[in-house]
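*Asks:* okay, predicted coordinates and the sequence, questions at the end:
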Amino acid sequence: RTGQVIEPFLTDQWFVKMDELGARGLELVEKGDVRFVPGNWINTYRHWMANIQDWCISRQLWWGHRIPAWYDDAGTVYVGRSEDEVREKNGLAADVALRQDDDVLETWFSSGIWSHSTLGWPNPALMAERGFDRYLPTSVLVTGFDIIFFWVARMMMMSLHFMDEVPFHTIYIHALVRDEKGQKMSKSKGNIIDPIKLIDEYGADALRFTFAAMAAQGRDIKLAASRVEGHRNFATKLWNAARFCEMNEAARVDGFDPAACKLPLNRWIAGEAARTAAAVTEGIEAHRYNDTAAALYRFVWNVFCDWYLELSKPVLSGEDGAAKDETRACAAWTLDQILALLHPIMPFLTEELWQLTGEVGPARRAMLIDSDWPQLAGLGDAAADGEINWLIQLIGEIRSVRAEMNVPAGARIPLVLVGASEEARRRAATHGETIMRMARLSAIDFAAEPPAGAVQIVTNDGIATLPLADIIDLAEERARLERAIDKIDDEIRKIGAKLANESFTARAPEHVVEEQRERMSEAEATLHRLRQAVERLQGVA
């Protein structure tokens, strides 16, 4: 760096002979006693261990663990834990001058014994105090690919040599965090993203959730502040949901059994909670943290907030006291499951809400971090799922048609259920007020045949139609959609030609190519929606 000439010369150094240590460390991984996640990283480990060389462990630095070796005036080397031990072991009188080696152990030598030295080794009393037998071997080591040999392999070899035990059973290799364009962060590029600044602006939980949501195995993370902001909004959504529960007196009830709920809405949310718990547990155990985050996001935002709380409003404001009490208890129970499942990723927000919601109802037996993991297997009701999913699908499809057809937001439109079964009629009668409120309808009617000028919606239980001829110009709407299809078709052709050009994909920066792929994916999704809208107008306009 200074531009000075460097002159190499030979010096005496300390080495560790690695042949036997490396062979055993490789053997146990090959046998499957220790596994890498993702599995392809075993190749990197295997390459290093199969070609291992003796390890130079001495460094000429001011700071570090000093080499435990002493020299007398004749240059004889004595090794021991201390100078007193060296003298006693070798029968050296006090007048024999000894000089300790000036070198220090290299960083990775000290780090290599981390798995057992942190648990009190080699002091038996400290080992017992720190739970040595409980924590060695540990379950999972989380680390980066760039130190598989420097740290992971060294810990394997050290633990096998000193403890005759592997230090861990699973090695999870996490992704490399890059900037939003996919470039490696560096000071020279000026693209360093300071996590402390992100935490100050959006919160630690939002940043943690972002990393979990983007931690797909085998892919680097392209970190952008906008993603962290989105997950800050997710945290806010959960906080507001808890406030809604509080304002509607949704308090925990001792001994509440979700399986005993009478309302289909409450049996449905209990089943959704059970399915989410299973997905979250599976994702964590398989180290698919992005799947875990996706399952949690869907359940909290889409299922609990967007649907359950909205569908519960008529019950909570109604006159049926028993239904109201059951829904309050079920909402509080569901919120508890959310906090527990979300806690590993968002510990600060969930612990805070756990304490706040614990102020009402039975006393909490423990902090959230010390509480049991949700065990919800067996919950779920097929009849309740069918009824509530029918309701959600119907409202969702009506909203989609309104958006696709440019129906004015304030316009109330009629819904006609064609050839409805007795079950569909019962559901419409039970949930009619909710459907009209959430889908902005003027009426719900029944007919044997679709009315003229109506857009059709296929549901799980028949056909629903929306007569729109008096609301919008159907012919003009069809023409608008076809113009939009032509425009998006042209964009897809241009992007496709660019991606098919080998010169572009080979020479353009990786983030530029990835941007084009993302544009293609978005354009194809838009085209699919537009064509669906045109299909709805077949025979209508």
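*Replies:* Cool, the structure landed. Residues are numbered from 1 along each chain as shown.
*Asks:* use CA for all of it now, contacts and neighbours both
*Replies:* Fine.
*Asks:* could you list the low-pLDDT ranges of the stretch 101-250 of the chain?
*Replies:* By pLDDT under 70, the stretch 101-250 of the chain has no low-scoring segment.
*Asks:* just the helices from it, written as ranges.
*Replies:* 107-112, 114-117, 124-129, 132-135, 154-163, 195-202, 204-214, 225-247 (DSSP state H, counting those that start in this stretch).
*Asks:* how far does the fifth one sit from the chain's center?
*Replies:* On the basis of Cα atoms, centre = their mean, to the nearest Å, the separation between the geometric centre of helix 154-163 and that of its chain is 32 Å.
*Asks:* what residue in this structure is the furthest from its centre?
*Replies:* residue 95 (64.7 Å; Cα atoms, centre = their mean).
*Asks:* what's the domain layout of this protein?
*Replies:* 15-67+103-173, 196-380, 383-472, 475-536 (automatic domain parsing).
*Asks:* now those in CSV, with mean neighbour count?
*Replies:* Below are those laid out as CSV (neighbours: other Cα atoms under 10 Å):
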stretch, mean neighbour count
domain 15-67+103-173, 16
domain 196-380, 18
domain 383-472, 16
domain 475-536, 15
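*Asks:* mean pLDDT lowest for which of those domains?
*Replies:* Lowest mean pLDDT within those: domain 475-536, at a mean of 86.
*Asks:* now do the end-to-end distance for that domain.
*Replies:* 12 Å (Cα to Cα, to the nearest Å).
*Asks:* next, format the domains of the chain as a markdown table and append distance to residue 180.
*Replies:* Listed next are the domains of the chain as a markdown table, based on distance: least, Cα to Cα, whole Å:
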| stretch | distance to residue 180 |
| --- | --- |
| domain 15-67+103-173 | 19 |
| domain 196-380 | 5 |
| domain 383-472 | 31 |
| domain 475-536 | 8 |
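*Asks:* for residue 83, find the nearest of the ones you listed.
*Replies:* domain 15-67+103-173 (11.9 Å; Cα to Cα).
*Asks:* picking that back up, would you mind giving the helices of the stretch 101-250 of the chain as TSV with distance to residue 3 added?
*Replies:* Listed next are the helices of the stretch 101-250 of the chain as TSV, based on distance: least, Cα to Cα, whole Å:
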stretch	distance to residue 3
helix 107-112	27
helix 114-117	37
helix 124-129	49
helix 132-135	49
helix 154-163	34
helix 195-202	34
helix 204-214	41
helix 225-247	39
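*Asks:* what about the residue farthest from the centre of the chain, which SS state?
*Replies:* Following DSSP: H, G, I helix; E, B strand; the rest coil, residue 95 is assigned to coil.
*Asks:* thinking residue 102 is in contact with residue 67, fair?
*Replies:* Yes - with contact defined as Cα atoms under 8 Å, residue 102 counts as touching residue 67 (7.3 Å).
*Asks:* ok, which stretches of the stretch 201-350 of the chain are strands?
*Replies:* 221-222 (DSSP state E, counting those that start in this stretch).
*Asks:* same deal with the stretch 351-500 of the chain?
*Replies:* Under DSSP E, counting those that start in this stretch, the stretch 351-500 of the chain gives strands at 413-418, 441-447, 454-459, 462-467.
*Asks:* residues touching the third one, excluding its own?
*Replies:* Yep, that's strand 454-459 we're talking about. 390, 393-394, 397-398, 450, 463-469, 536-537, 540 (Cα atoms under 8 Å, 6 or more residues apart in numbering).
*Asks:* quick one: strands adjacent to that strand?
*Replies:* Its sheet considered, strand 454-459 pairs with strand 462-467 (antiparallel) by DSSP bridges.
*Asks:* so which residues make contact with the strand it pairs with?
*Replies:* 413-421, 450-458.
*Asks:* got it, and stretch 318-326?
*Replies:* 261, 263, 315, 316, 317.
*Asks:* go again using 10 Å as the cut-off
*Replies:* 248-251, 253, 256, 258, 260-263, 266, 312-317, 327-328, 330-331 (Cα atoms under 10 Å, 6 or more residues apart in numbering).
*Asks:* ok, stretch 521-537 next?
*Replies:* 400-401, 403-405, 453-458, 465, 474-475, 477-482, 484-489, 491-492, 495, 515-520, 540-541.
*Asks:* try 8 Å this time
*Replies:* Stretch 521-537 is contacted by residues 401, 404-405, 455-457, 474, 478, 481-482, 484-485, 488-489, 491-492 when judged by Cα under 8 Å, 6+ apart.
*Asks:* closest one of those residues to residue 210?
*Replies:* Closest to residue 210, out of all of the contacts of stretch 521-537 and judged by Cα to Cα, is residue 492, at 30.1 Å.
*Asks:* show me what contacts the closest one?
*Replies:* 520, 523, 524.
*Asks:* which residues in the stretch 1-150 of the chain form strands?
*Replies:* In the stretch 1-150 of the chain, strands defined by DSSP E, counting those that start in this stretch lie at 15-16, 35-37, 55-56, 58-59, 69-71, 77-79, 99-100, 104-105, 138-143, listed in chain order.
*Asks:* adding distance to residue 229, write these out as CSV.
*Replies:* Shown next, in CSV, are those (distance: least, Cα to Cα, whole Å):
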stretch, distance to residue 229
strand 15-16, 49
strand 35-37, 29
strand 55-56, 46
strand 58-59, 45
strand 69-71, 55
strand 77-79, 57
strand 99-100, 55
strand 104-105, 44
strand 138-143, 26
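*Asks:* out of those, which gets nearest to residue 113?
*Replies:* Comparing the strands of the stretch 1-150 of the chain by Cα to Cα, strand 104-105 comes nearest, at 12.1 Å.
*Asks:* summarise which helices and strands that closest one is packed against.
*Replies:* Counting contacts by 3 or more Cα pairs under 8 Å, 6 or more residues apart in numbering; DSSP states H and E, strand 104-105 is packed against strand 58-59.
*Asks:* partner strands of the strand it packs on and their direction?
*Replies:* Counting by DSSP bridges, the strands paired with strand 58-59 are strand 104-105 (antiparallel).
*Asks:* give me the residues contacting the strand it pairs with.
*Replies:* Applying Cα under 8 Å, 6+ apart, the contact partners of strand 104-105 are 57, 58, 59, 60, 61, 62, 63, 64, 65, 66, 67.
*Asks:* what are the ranges of the helices in the stretch 351-500 of the chain?
*Replies:* Using DSSP H, counting those that start in this stretch, helices in the stretch 351-500 of the chain cover 382-404, 422-439, 474-500.
*Asks:* residue 303 is nearest to which of those helices?
*Replies:* Closest to residue 303 of the helices of the stretch 351-500 of the chain is helix 382-404 (Cα to Cα; 9.9 Å).
*Asks:* just the CA trace of the closest one, in PDB.
*Replies:* Output in PDB follows, covering the C-alpha atoms of helix 382-404 (Å, rounded to 0.1, in the frame of the first residue of the first chain):
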ATOM      1  CA  ALA A 382     -63.300 -28.700   6.200                       C
ATOM      2  CA  ALA A 383     -66.900 -27.300   6.400                       C
ATOM      3  CA  ALA A 384     -65.700 -24.000   7.900                       C
ATOM      4  CA  ASP A 385     -62.800 -23.800   5.400                       C
ATOM      5  CA  GLY A 386     -65.300 -24.300   2.500                       C
ATOM      6  CA  GLU A 387     -67.700 -21.600   3.700                       C
ATOM      7  CA  ILE A 388     -65.100 -18.900   4.500                       C
ATOM      8  CA  ASN A 389     -63.000 -19.600   1.400                       C
ATOM      9  CA  TRP A 390     -66.100 -19.300  -0.700                       C
ATOM     10  CA  LEU A 391     -66.800 -16.000   0.800                       C
ATOM     11  CA  ILE A 392     -63.200 -14.700   0.400                       C
ATOM     12  CA  GLN A 393     -63.000 -15.900  -3.200                       C
ATOM     13  CA  LEU A 394     -66.300 -14.300  -4.100                       C
ATOM     14  CA  ILE A 395     -65.400 -10.900  -2.600                       C
ATOM     15  CA  GLY A 396     -61.900 -11.100  -4.100                       C
ATOM     16  CA  GLU A 397     -63.200 -11.900  -7.600                       C
ATOM     17  CA  ILE A 398     -65.800  -9.000  -7.500                       C
ATOM     18  CA  ARG A 399     -63.000  -6.600  -6.400                       C
ATOM     19  CA  SER A 400     -60.800  -7.900  -9.300                       C
ATOM     20  CA  VAL A 401     -63.600  -7.300 -11.800                       C
ATOM     21  CA  ARG A 402     -64.200  -3.800 -10.500                       C
ATOM     22  CA  ALA A 403     -60.500  -3.000 -10.900                       C
ATOM     23  CA  GLU A 404     -60.100  -4.600 -14.300                       C
END
